[in-house]
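[1] Any chance you could fold what I've pasted below:
(one chain, ligands or ions: 1)
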Amino acid sequence: MRNIRLFNVLPKIPQKLQFLETLADNVWWCWNKEAIALFRYIDLDLWKDCKSNPKILLKRAGQKRLEELSEDPTFLKQLEEVREKFQAEVEKPEKEKKNSSGNNCIAYFSLEHGLHESIRLYSGGLGILAGDHLKSASELELPMVGVGLLYRQGYFRQTIDKEGWQNEHYPDNNIEHMPLSRARDADGGEIMVSLRLADQVVHAIVWQMKVGNVKLYLLDTEIPENSPDMRSITWRLYGGDKKMRLHQELLLGIAGHQALVKLGYEPKVCHINEGHAAFISLARISHLIETKDIDYNTAIQIAWRTNIFTTHTPVPAGNEVFDIDLLRPYLEALQEDLHLDPARILRWGLPPDSGEDIREFSMTILGLRMANYSNGVSKLHGQVARNMWAHLWPDKPKDEVPIKHVTNGVHVRSWVSRRNQELYDRYLSPGWEHFIDNETICSEIDRIPDTLLWQVHQMEKADLVHSTRSAITKQLSNLNATEKEKRSVHNCLDPYALTIGFARRFATYKRATLLLSDKERLANLLKSEDKPVQFIFAGKAHPADEKGKSFIHEIIQFAKEYGVSHRVVFLEDYDIRIARTMVHGVDVWLNNPERPKEASGTSGMKVAINGGINCSILDGWWAEAYCPECGWAIPSRDDVYDEQYRNVIEAQALFNILENEIIPCYYSRKTGEMPAEWIAKIKESLKMALYNFSSNRMVYEYKNHFYAPALEAYDKLTASKCKYAKELAQVKQTYYEKLGNVNIGIPQIIEDISHVYVNDKITVRLEVYLDGLDPEQVDVELYYGPVDPTNQVISSNTAKMNIIEDKSKGNYLYEAQVDCQMAGRFGVTARLTPAGNIWDNHIPNFVVWSD
Ligand SMILES: *Cc1c(COP(=O)(O)O)cnc(C)c1O
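    Numbering: from 1, shown residues only. Below you'll find the predicted structure:
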């Protein structure tokens, strides 16, 4: 057709229903069951048909139905209730918000955001965590804004062919059907940002998405101003080559920050969610130089002291690196705009003192270096990350490596089923989702009658079986299956059988096929007449991950070969919707990664808050959540290096747990009765998870440990024309210049140490040469503790040393006492650090040891 002009005809929403549009335009609806109930009421079939997308629903509901609803008192009453709740939670005046204070702004940068299945801007756990983070920030009323990219296609969609192989598709996201509007600056103008990418310039428009009272800004390069190359930057999530990824990450970090500034925000604190977003530091430093009229080093003091960096995985593929030769031309092109020296920035992505041989710029290192606050995502992962990145702080003992942990959580109101929420609403104190008093909530969980808990679970499971059957029917008809094959779906899965779920990315370390290492033993469990077990699998393998794809194939082939297709199903196109149905209905959630590669994992938390029970390797979150009362731990053998052998041992251990514990526990009941032991476990699992693994708890911890001190630091650093930041920049320079010349002598013990007994005190003296540093500027301390056979101090203690004599010309005599509280072999040495703790996290670490 030639000369075609396009235009939209919008439904005319009756006056009384206007609020529905507001509702559809704020993702808040997706974690409010009452809001969802409204959409279901409008037209349940249509709601399902448009995949729970209220924007489409309102378009397609039809003028007649809308008019009808505007005269329906039941509907209007419910609408009014939701409106009141919305007003109380979202449209609250700024000054009534809990954590609002003046012009505070915390910016959260992430390459993916998983908010709802209809908003396809995520691939997996990382994105869903970001989505849950923003939702909780809204609930906690934090002054947060999110920044990300608006993918025109997003992550691929998965279908499985007849042989069980994954195919990838990239249908376009219809942005008309997403809750988006163009972001506007203070004058009401739509904004555009531009960024130099080597020899080209990319422009991006900026969209706004409302997540409760948090705004998420999304950059979009699919505009006529851009060359085709530049347009494609925001097409696909994790698609394309290294260069594409670099473009995306420069866009997110640098243009993302620029967008916030254009919109009138002055981010005081930036949260870098995974290395992808680490370029934000470059933009911040440059912005501070420009607006505060300060130099480079002063700007660095402000930026790094107010950045938070979260690392999400120890797996190499998740820790982005760029070849230095790829990156250099980009930094050179940006030199003028950013006032930053490319050679210096290139060093920020390398370990300290690395030589010419290292050619890869690590985004994780950039993140760690440019953030005073950094963390892993579970207790165990914190430890793993400290080991993994210890080389960045070569002079620190491993337990002092400044990477903390904040354990992940899930957004409870988004992930809890409607029936469970109703149950909790009825038996737990009002506001239980906000966890005013976790102890009380836990004791109230015991009051929920077993029968109700069990009935709700049975209903959720029946829903799961039902929706799995329809999904399989659809999968089969897409594959032109025979009528007979389609009919067999009626027997697929048994709502009364023990149902085990396994759904996650098919990354190889997650070992989706672990149980297939003993196919006979597995088939026996599946085919049992009286105690059957069934599995639901789902998950996508990264398009380039052939091994991950072969896992999917293997599972499907196994089901066919052993005639257990009614007991082992694979749901294609794992997404938030499938995750939700699965976590609502399964009895057991299985997770068997290679320890310690799973940094946290969150799907098991979603299961636990819905009355499912976890059976998992003690990795990630489960290492801190597990107790024998609330689930099962699969023994792992991290010490076995032969991968195949390790898999076999761990699989056998898993079979043992299934056969000896899980299956008997589930089926030990008389006909018509409930499994009492099982229900007791459900309750313990609920108590374990409901608060501890909620993202409200998580964001609350980020706020207390990181955001609040960083906001305070920002104000302090920038007050009076950045006086304090300038001082710090100078102090840092002094340490750089002087610490190399500082000399710490050998600790001398005054007493005779041939016979030291418990409770004795020993006195240690030390000569220190400070090379012109003021003694006020440094802390000298003893470092001591029991030693291992190689004379390395394990479990360290420190004691501050005091000057007892000024020996002139920069020489001082220090002294301290050590209390010998325990018997054993001990070692003592000494070190010098900058005074106080404000340089503790710095790279390089300013530590001088006695030598
Ligand atoms: C929760 C969730 C994940 C993350 O689960 P893990 O346990 O971290 O593997 C991935 N994808 C979807 C769709 C989810 O809902």
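[2] For the ligand, what's the nearest residue on the stretch 1-150 of the chain?
    Gly125 (3.1 Å; C-beta to the nearest ligand atom). Yep, even glycine has a C-beta here, placed from its N, CA and C like the rest.
[3] Please name the nearest non-neighbouring residue to that residue.
    Thr602 (5.7 Å; C-beta to C-beta, 6 or more residues apart in numbering).
[4] Can you check the pLDDT for that neighbour?
    Thr602 is assigned a pLDDT of 98 by the prediction.
[5] Next: Ile436.
    Looking at Ile436, the pLDDT reads 66.
[6] Repeat that for the one 10 residues further on.
    pLDDT recorded at Asp446 is 95.
[7] Quick one: residues in contact with stretch 425-435.
    139, 412-413, 424, 436-437, 440-441, 444-445, 447-448, 690-691, 694, 696-697 (C-beta atoms under 8 Å, 6 or more residues apart in numbering).
[8] swap in stretch 623-633?
    With C-beta under 8 Å, 6+ apart as the test, stretch 623-633 has contacts from 378-380, 407, 605, 608, 613-618, 622, 657, 661-662, 680-681, 684-685, 687-689, 692-693.
[9] Buried ones in it, by neighbour count?
    For stretch 623-633, the neighbour count (16 or more other C-beta atoms under 10 Å) marks Ala623, Glu624, Ala625, Tyr626, Cys630, Gly631, Trp632, Ala633 as buried.
[10] mind checking which helix or strand the second one is in?
    Right, Glu624. For Glu624, the element it lies in under DSSP states H and E is helix 622-625.
[11] what's the nearest residue to the residue nearest to the spatial centre of the chain if we skip its chain neighbours?
    For the chain, the residue nearest the mean C-alpha position is Leu129 (4.0 Å; C-alpha atoms, centre = their mean). Nearest residue to Leu129, sequence neighbours excluded (C-beta to C-beta, 6+ apart): Asn408, at 5.8 Å.
[12] hang on, isn't the one you found packed against Lys606?
    No: checked against C-beta atoms under 8 Å, the pair Asn408 and Lys606 is beyond contact range at 11.2 Å.
[13] Quickly find the element holding the residue nearest to Leu129.
    Using DSSP H and E, Asn408 falls outside every helix and strand.
[14] Let me see the contact set for it.
    Applying C-beta under 8 Å, 6+ apart, the residues near Asn408 are Leu129, Val377, Ser378, Ser600, Gly601, Thr602, Met605, Trp621, Phe693, Ser695, Met698.
[15] For the fourth one, which residues are in contact?
    Contact partners of Ser600, counting by C-beta under 8 Å, 6+ apart, are Gly125, His312, Val377, Ser378, His381, Thr407, Asn408, Gly620, Trp621.
[16] which two in these are spaced the farthest apart?
    Spanning the widest gap among those are Gly125 and Thr407, at 13.6 Å by C-beta to C-beta.
[17] Compare the two (neighbour count), which wins?
    Using other C-beta atoms under 10 Å, the more surrounded residue of Gly125 and Thr407 is Thr407, with 25 against 22.
[18] what separates the nearest residue to the more buried one once chain neighbours are set aside from the ligand, distance-wise?
    The shortest distance from Thr407 to any non-neighbouring residue, by C-beta to C-beta, 6+ apart, is to Ser378 (4.8 Å). Ser378 sits 11 Å away from the ligand, taking C-beta to the nearest ligand atom, to the nearest Å as the criterion.
[19] Pull the number of nearby residues for Ser378.
    Number of residues near Ser378 (other C-beta under 10 Å) recorded here: 26.
[20] got a pLDDT number for it?
    So Ser378 comes in at 98 (pLDDT).
[21] Confirm for me that it is in contact with Met605.
    No: Ser378 is not in contact with Met605 according to C-beta under 8 Å; the separation is 10.9 Å.
[22] So for the residue nearest to Leu129, what's the pLDDT?
    Asn408 is given a pLDDT of 98.
[23] swap in Met1?
    pLDDT, Met1: 65.
[24] Same check on Asn99?
    67.
[25] burial of Val384, as a residue count?
    23.
[26] Renumber starting at 168 from here on
    Fine by me, first position is 168 from now on; the one you just mentioned is Val551.
[27] Go ahead and confirm it touches Asp786.
    No: at 9.6 Å, Val551 and Asp786 do not qualify as touching, with contact defined as C-beta under 8 Å.
[28] what are the phi and psi values for whatever residue of the stretch 768-917 of the chain ends up closest to the ligand?
    Of all residues in the stretch 768-917 of the chain, Ser770 sits closest to the ligand, at 3.3 Å by C-beta to the nearest ligand atom. Dihedral pair for Ser770: phi -60, psi -40, per degrees, to the nearest 10.
[29] sorry, back to before: out of the contacts of Asn575, the closest to Leu884 would be?
    Met865 (26.7 Å).
[30] Which residue, other than its chain neighbours, is closest to the residue in the stretch 518-667 of the chain that the ligand sits nearest to?
    Residue nearest to the ligand within the stretch 518-667 of the chain: Val577 (7.0 Å; C-beta to the nearest ligand atom). Take Val577 and drop its neighbours on the chain: the residue closest to it by C-beta to C-beta, 6+ apart is Met772, 4.7 Å away.
[31] Pull the contacting residues for the one you found.
    Asn575, Gly576, Val577, Trp582, Trp788, Ala792, Ala856, Phe860.
[32] quick one: it from Val753, how far?
    13 Å (C-beta to C-beta, to the nearest Å).
[33] ok, which of the contacts of stretch 592-602 also contact the ligand?
    Among those, no residue lies close to the ligand (C-beta under 6 Å from any ligand atom).
[34] Sort out which of those are buried, if you could.
    Using 16+ other C-beta under 10 Å, the buried ones in these are 306, 579-580, 591, 608, 611-612, 615, 857-858, 861, 863-864.
[35] Pick out the most distant pair among those.
    That would be Glu306 and Ile615, which, of the buried ones among the contacts of stretch 592-602, are the farthest apart (C-beta to C-beta) at 23.5 Å.
[36] pLDDT below threshold where in this structure?
    168, 266-268, 602-603 (pLDDT under 70).
[37] residues from it in reach of the ligand?
    Counting by C-beta under 6 Å from any ligand atom, the chain sits next to the ligand at Gly291, Gly292, Ile295, Arg671, Tyr741, Asp742, Ile743, Ala746, Gly768, Thr769, Ser770, Lys773.
[38] picking up where we left off before, how about the contacts made by the residue nearest to Gly292?
    Gly292, Ile295, Leu296, Asp299, Asn575, Gly576, Val577, Trp788, Phe860.
[39] give me that answer again for 6 Å
    Gly292, Asn575, Val577 (C-beta atoms under 6 Å, 6 or more residues apart in numbering).
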